[in-house]
Structures are given as structure tokens and as C-alpha cells.
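>>> Build the 3D model from these lines:
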Amino acid sequence: MINEGVVKIARRFIVGTAGHIDHGKTALVRALTGIDADRLPEEKARGITIDLGFAHLSRGDARIGFVDVPGHERFVRNMLAGAGGIDAVLLVVAADEGIKPQTREHFAIIRLLGIPRGIVALTKSDRVPEDLASVAELEVREFLAGSFLEGGPIVPVSAKTGAGVDKLADALFAMVGAGAGEREKRALRLPVDRAFSIAGFGPVVTGSLVDGSIAPEQKVEILPEGIAARVRRVEVHDEEVAAARAGERTSVNLAGVEQASLRRGQMVVAPGSIQATDRALVRLTLLPDSPPLESGVEVSFHHFASERIAHLRLWDDAKPGTTVPALATLDEPIAARTADRFIVRRLSPAATIGGGEILDAHPPRKIDEEDRRIFLGGTSAERLARRVARNVAGASREDLAREESMREDEIRPALGPAIAAGTLKELDTGKLFLSSARWEILATRAAAAIDEETKRRAGAVGASRAAVLEKAFAAFAPREAEIVLKSIIDAGKLVADGETLRLPGAGALPGGEQKMADRIASMFEEGGLEPPSPGDVAVKLGAKSKIVEGLIAYLVKEKRLARLPGGFILARSAADRITSDLRASGKASISVPEFKEMFGLTRRIAIPLLEYLDETKVTRRTGDTRTILR
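Numbering: from 1, shown residues only. Presented below is the predicted three-dimensional model:
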């Protein structure tokens, strides 16, 4: 039975604990929520958190999900598996012990992950007198100086007596804000931190929902393996729901996949929305106490719940406390996107040494200085333009949105300045973006392919469309090749006669016929919206009707005349003016009488002209009216 109360939660927030072993993280979560986050028998027997634990607390329309992480240094890997999907940190420091080694490592990890908000809980405050509690608080404030928690709330609490717990809950809910916002609009991403099977239900994965939403019957893909699956059931904090959304701890029962194929470190995504990668251009920040790194070093690379061995290529000296560009080559692929955060740890002895941001999840094999300059310090628009420029086959809206972690509707506005400057071309209303330099090269190659064909075949004035596509557009998929070719034809670089392509001016008429064709075109242009009939033209020129009709057909191919349904001939310039005036009129639709009145037409030509506009997608007929398409 779906719990409708869960569905009504409007603001969702995930808080991760951080702090030294035995500073009371799990006890504090239990005091706040009433839920014991230690779920493993070994955890209960030993009294320490070994793996991730989960709990939640609701108030009004807001709910906080807690990810309780282990504090022992041996289990930092498990801590990292849960830290990637949190919105804020609850830094736990025991008043009777103060800042300890794992406090420092956990907080360094939180800072490297770019977690923007948090609160400090000064636990076990019942164990120390007030003056020592003040000293402990001063020590914490000194530790936090220069960090995102500087000047933030530090709440003394006691999980044993309950003192300060309500005040801490108030501070946590004050941090919730408006909810996941933009993250909910993105494509689904659920990092898997647990995978198991339940009798009668089958495979289940859990994680903190980073982006998008997930609902029963939804088709999903499990990366990096690319396993197709279907969602059978969704739960949020042990309650079945109609959908889970970004910012919620989520459990997903899957169909169509074996439990043996599921593991921590995978990512459940919308099919095709992300491509797994084993290379990433990154911005790496080393901790002040890390050892210096040399190019070629191998480290443990943590991205959400995944852990890989990474080989780091460094371009600059990687000294402690510095930030440098690096290329991370992984031993196995991960499901990463631009702007994702990561942590690196030394392999032996194991210790956190740094972390940072993924700048490009799919870098080219050869990364040059321009790539490093733009991806290290450029704007999102500059990065997008660079992605287009370095791709010989251009890039679609979908490709760019996926690679730059943006929504598709954000791509065109971001590329607008480059398009206006003429460095990029937008083809087929944003279906493909291509650098202008690359477009010119392709136009030249297409012309060369036609020229080669005409020289090879005596009497040929052009080449087949298929031959041009094969010779000039080998790097393109068929759909994109057609888009680029059409843009070259539309620009007048090539002329299309059915399935034959020729160069402009190729196959021109003999001198006398060309003069007569020009006179015919002039007569139709002078006639405007009251054009002469072909018979009238023949009489006026004193020419045979068949010759005139042949020249009219030639002029239609040359796009100097337009043939309307029913055989009416009109100057192409007159038809283009109709199109321009209609779109500039501000009207959303127009009826036949309105069309006749607007252009002073008789019904005899108005109907064929409207049908021509329908065919050329200037208008779309809906009943007795036409919708004007922009």
C-alpha cells in the first residue's frame, strides 16, 4: 500500500554525519530520529558503525534523511560510499575529546566534495563542565576557520540526557530550504551504495537519489555495465511511494536483472542519459599534509559509491595544498558527469590525499593546451563551444547536455554568442551544432566529390546524393550527414535536382535559352501575385509552348519560380514575400477570407498558394484556418 503522506513531502534533504570514532554519531542520530542506524549484528556487538546506516526525521512538509557513516579509519572507504550524495554535513565532535584524526580526515573529505552547508554538534556535553565545554567550542571554531562552516552554528548536545537535541533539530530544519530544485529536473541518477535480494521481491538497490525521479514501471539502465532493467517498486525510508525524487534516500526493487549482477558503486540512470567513462579531465586539489605527487602515480579514486584504481597524468607540479589539472585513467569505467566531485586516497598506507571536480568526463585522446585552458578556467558557454569545435562530426543538443551536465533547453542560449559571432553553426533548429570552420571544410569536400564525379563520367553535370554522402561525410551518422548536407544546399553551395547534386552554374543553359529563361523569370516577377499563364508567356515571346514549359521547369529547379498545387506558376520572390509578411504579421493563424483580403488575392490563386505554404511548412491547415508556423 502506497503511503500518500510520503508523497506530500515537498522539501527533501539528505544530511551525512562526519566525525571521529566513538564521538556519538549514531547515538545522536538515534536521539534525533528514534531510529538505530546500526543495522549489522557486528555493529551492535562491537558498538561501532562499520557500514552506512540510515534514518529520517520529518517536520511539516520537510523531511531530512540521515546517512550515518563509520568513523573508524579502517572504514573510510565505506564513509566515502555514502558521502557523495549528501546535501549537508552534521559534523560531530565530542566535547570531552575535541578534534581528533578522523574529524580532520572526514572534514577534509567533506570540503573536497564541495558540500555547501552544515552544522556542528558538540556531543557528550553532559560529561564536561560548562567552562570546558566553552574551551571545546573554541577549539572547534579555530578548526573551522576559513571553511564553509566558519561562524556557523555549534550546538552542544547530549544524546544520553536529550539536552540540546531539539535545538539541533531546529537548526537542521532551518537549513533545509526550498528543496532539491533544479536537481529534480535533471535525468535520473541513483548511486548504488547497497545491493541485496528480498525473498518474494527479488533484487533491491538503495542510494541517495542525486538527480531526477524514479517510479514503478520506469525503464532504467545500470552503469557502467549498461544493464537494462525495469523498476518494480520504490520505497523511501521503508514506505512504498508512487515516486522518489532528488534529495531522498531511496530503495528500488528491480525486475529483469539478477541480484548477482548488482553491487555497490553502480549507478541507476535514465537509459542513454549518461555514458560510462574510464578517463576524466579533472581539477585535483591536494591536502596540505598530503605527499607531493609525481605524474604516473596510482591512487584510489572515489566517485559517489564507486572505487577505482586511477593512473594520474599531471601537467603541473602537484605539491601539498596546490590545485593542478590532471588526467585520471581508471582501471574500470564509472558513470561520471561534468562537475561531479571525487576523492583520491593513497593506496599504501591508505589515507585521503586530495580530491576535486571532474571537468570533462569524456575528454579527447589528445588533450591540448586549449582544452586545459578552457576546461580549467572557462565558462560553461566556452566549454560547450569547445566541445562542438573539437568534434569533427558536430554535437547534438542531447550530447552537449549530457557532457556538460545541463538541461537540453539550456544549450541553445549558452551557445548563442558563438553562433552570433559566426564561429559555430546551428543546423536544423538546434538538432546539430558544428564549428563554422568544419562546415566550410565539409562544403569544400562535397564540392570536390561532385567535381571528381563529373570529370570521371563524360557528360555528367553532377553526382548522386549517395556518392557525395559517402565521400564527404564518412565521419557522420546518416541522420547528421543529411542535416549538414541540407544546410550546404540551403546556403547555395550546392544545387539539388532530385537525387542529383551539382555545383552552382553547372549544366547552365546555352546562351540563347538562358536569355529567354531570364525574360520568362522577369515576366513572372513583374506579375507578382497576378502572374501570367505559360500560354500568355509563349504568345508574348513568340515561342513554342513546349520550349516555354521546359524553361519554366528549369527555373523552378533553379528556385527562381515556384510551382503551386494545380499547376500555377509564381515568382519565387513573390512566394517568399508572402512567407515573410505572414510571419511578420503577428497573427497566430489565418482564414482563407483573411488571407485573400491581406494580399488582395482571388480565390483562384489564394487556395493553391495556401496549399503551397502548407507543403513548405510555412502554415499548417487546421479545419478552415491555417496556423502560421515560425
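
>>> what's the following helix or strand after the longest helix belonging to the chain?
In terms of residue count, the longest helix belonging to the chain (DSSP state H) is helix 436-456. Next along the chain after helix 436-456, taking DSSP states H and E as the criterion, comes strand 463-464.

>>> Now do that following strand, average pLDDT.
For strand 463-464, the mean per-residue pLDDT is 86.

>>> Start at 20, not 1
Fine by me, first position is 20 from now on; the one you just mentioned is strand 482-483.

>>> tell me what that strand is packed against?
Contacts defined by 3 or more C-beta pairs under 8 Å, 6 or more residues apart in numbering; DSSP states H and E place strand 482-483 against helix 455-475, strand 519-521. Placement of C-beta: from N, CA and C, glycine included.

>>> Just checking: what are the partner strands of the shortest one?
In the sheet containing strand 519-521, its partner strands are strand 482-483 (antiparallel), strand 514-516 (antiparallel), by DSSP bridges.

>>> So which elements touch the helix or strand containing P612?
According to DSSP H and E, P612 maps onto helix 611-618. Contacts defined by 3+ C-beta pairs under 8 Å, 6+ apart place helix 611-618 against helix 591-603, helix 622-634.

>>> what about the last one, average pLDDT?
When pLDDT is averaged over helix 622-634, the result is 89.

>>> can you list contacts of that helix?
Where contact means C-beta atoms under 8 Å, 6 or more residues apart in numbering, the residues beyond helix 622-634 that reach it are 548-549, 581, 583-585, 587, 589, 594, 597-598, 601, 611, 614-615, 618, 620, 638-640, 645.

>>> cutoff 10 Å now
Residues from elsewhere that reach helix 622-634 (C-beta atoms under 10 Å, 6 or more residues apart in numbering): 548-550, 581-587, 589, 593-594, 597-598, 601, 609-612, 614-620, 637-640, 645, 647-648.

>>> repeat for the first one
Under the contact criterion C-beta under 10 Å, 6+ apart, helix 591-603 has outside partners 540, 543-544, 546-550, 574-575, 577-583, 589-590, 609, 614, 617-618, 620, 628-629, 631-632, 635, 637-638, 645, 647-649.

>>> So which of those are in helices?
Mapping the contacts of helix 591-603 onto helices (DSSP H) picks out 540, 543-544, 546, 574-575, 614, 617-618, 628-629, 631-632.

>>> Just the buried subset of the residues you listed, written out for PyMOL, thanks.
If you want just the buried ones from those in PyMOL, going by 16 or more other C-beta atoms under 10 Å, the selection is:
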select buried, resi 540+543+544+546+574+614+618+628+629+631+632
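
>>> for the ones in helices among the contacts of helix 591-603, which one is nearest R136?
Nearest to R136 among those: L632, at 56.5 Å, using C-beta to C-beta.

>>> For S232, see how far away G275 is.
20 Å (C-beta to C-beta, to the nearest Å).

>>> More neighbours: these two, which one.
Between G275 and S232, counted using other C-beta atoms under 10 Å, the more crowded position is S232 (23 against 14).

>>> isn't that one right next to V253, touching?
Yes - using C-beta atoms under 10 Å, S232 is in contact with V253, at 9.3 Å.

>>> can you list residues touching both of the two?
A261, A262, A263, E267, T269.

>>> any idea how far E240 is from the first one?
Spelled out, it's A261. Distance from A261 to E240, by C-beta to C-beta: 22 Å.

>>> More neighbours: which of the two?
E240 (20 against 13).

>>> Quick check: the gap between the closest residue to the more buried one other than its chain neighbours and A248.
Closest residue to E240 apart from its sequence neighbours, by C-beta to C-beta, 6 or more residues apart in numbering: P290 at 4.4 Å. Look at P290 and A248: by C-beta to C-beta, they are 10 Å apart.

>>> Looking at the two, which is more packed in?
The neighbour comparison of P290 against A248 (other C-beta under 10 Å) goes to A248, with 22 against 14.

>>> Am I right that the more buried one sits in a strand?
Yes - per DSSP: H, G, I helix; E, B strand; the rest coil, A248 lies within a strand segment.

>>> quick one: it and D447, what's the gap?
Applying C-beta to C-beta, the value for A248 to D447 is 34 Å.

>>> hey, what's in contact with both of P290 and A248?
Q237, K238, V239, E240.

>>> The first one: what's its closest spatial neighbour, skipping adjacent residues?
The shortest distance from Q237 to any residue other than its chain neighbours is 4.5 Å, reached at V250 (C-beta to C-beta, 6+ apart).

>>> tell me, how many neighbours does the one you found end up with?
The tally of other residues near V250 (other C-beta under 10 Å) stands at 21.

>>> what's it in contact with, if anything?
Listed by C-beta under 10 Å, 6+ apart, the contact set of V250 reads 207, 233-239, 262-263, 271-275, 287.

>>> From the residues you listed, list the buried ones, please.
In the contacts of V250, burial by neighbour count holds for L207, I233, P235, Q237, V239, A262, A263, V271, N272, L273, V287, counting by 16+ other C-beta under 10 Å.

>>> List just the nearest of those residues to T398.
L207 (27.2 Å).

>>> so where's the stretch 170-319 of the chain uncertain?
Applying pLDDT under 70 to the stretch 170-319 of the chain flags residues 196-200.

>>> Please enumerate the strands of it.
For the stretch 170-319 of the chain, the strands defined by DSSP state E, counting those that start in this stretch occupy 173-175, 208-210, 213-217, 221-227, 232-233, 238-242, 246-255, 258-259, 263-264, 268-274, 286-288, 296-305, 317-322.

>>> Within the sheet, what are the partner strands of the first one, with directions?
In the sheet, strand 173-175 lines up against strand 136-142 (parallel) (DSSP bridges).

>>> before we move on, what about the last one?
The sheet places strand 317-322 alongside strand 325-333 (antiparallel), strand 360-365 (antiparallel), with pairing taken from DSSP bridges.

>>> worst average pLDDT in the ones you listed?
Comparing mean pLDDT over the strands paired with strand 317-322, the weakest stretch is strand 360-365, at a mean of 90.

>>> What angle do strand 296-305 and that one make with each other?
Relative orientation of strand 360-365 and strand 296-305, computed by axes from the mean of the first three to the mean of the last three C-alpha atoms, to 10 degrees: 80 degrees.
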